[in-house]
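> Here's a sequence, model it:
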Amino acid sequence: EGRGYVLRRLLRRAARHGKLLGVNEPFLYQILDTVIHENEGHYPELRERQAYITKVIRTEEENFAKTIDGGMKIFADLLAEQGISATVLDMYCVKPLDAEAVIEAAGATRAVVTVEEHSPFGGLGSMVAQVVSEHCPRPVKCLSLPDAPVITGTSPEVFAHYGLTGEGIAKTVAEFLPAE
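Coordinates of the predicted model:
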């Protein structure tokens, strides 16, 4: 699982950056021939398994796009129901933090809310708060699990208990936003 996890993260990061550049369809599998050509001298098995690798990359990219697009739309719709216009920025990779994206998104908003599924210290919220305070000061709310032993249960049960569901996050955002 270790290498697979790292490879999925790399693929997802590349797909996300493609999306930021306006590429809205899977594209990574299309550059595979060039990648294999550049590396097959050291890794001849790449050419032998090209069809399989292409299928895996395309499937991973398609599934990731569906997950991200679907989740962001659902969350934006939840906020829109409350009259809140939001920018949802996916920060699935904390280090290195995409400070440019944080500054750009924060610069277009009245407040910033971060959500992470672990302790509030030293994670996404802390890093985003530091970047926002230095470059475009505005209120920041960091949602996370408490810095204490958490309840036991499935991930959905734990997240629901601490208000880290779409509905819970939307409610907190509505309560947190400064009046216009």
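> Mind giving me the packing neighbours of the longest helix that the chain contains?
Across the chain, the longest stretch assigned as helix under DSSP state H is helix 50-81. Counting contacts by 3 or more CB pairs under 8 Å, 6 or more residues apart in numbering; DSSP states H and E, helix 50-81 is packed against helix 2-20, helix 32-39, helix 166-176. All C-beta spots, glycine's among them, are computed from the backbone N, C-alpha and C.
> Of the ones you listed, flag the one that's most buried.
helix 166-176 (a mean of 16; mean count of other CB atoms under 10 Å).
> Quick check: pLDDT value at the closest residue to residue 39 other than its chain neighbours.
What sits nearest to residue 39 in space, not counting adjacent residues and going by CB to CB, 6 or more residues apart in numbering, is residue 46, at 6.0 Å. If you check residue 46, the pLDDT there is 93.
> Only C-alpha atoms, please: export the helix or strand harbouring residue 46 in CSV.
Assigned by DSSP states H and E, residue 46 falls within helix 45-48. C-alpha atoms of helix 45-48 as CSV (Å, rounded to 0.1, in the frame of the first residue of the first chain):
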residue,chain,number,x,y,z
GLU,A,45,9.0,-3.4,-17.8
LEU,A,46,7.3,0.0,-18.2
ARG,A,47,6.9,-0.6,-22.0
GLU,A,48,5.8,-4.2,-21.4
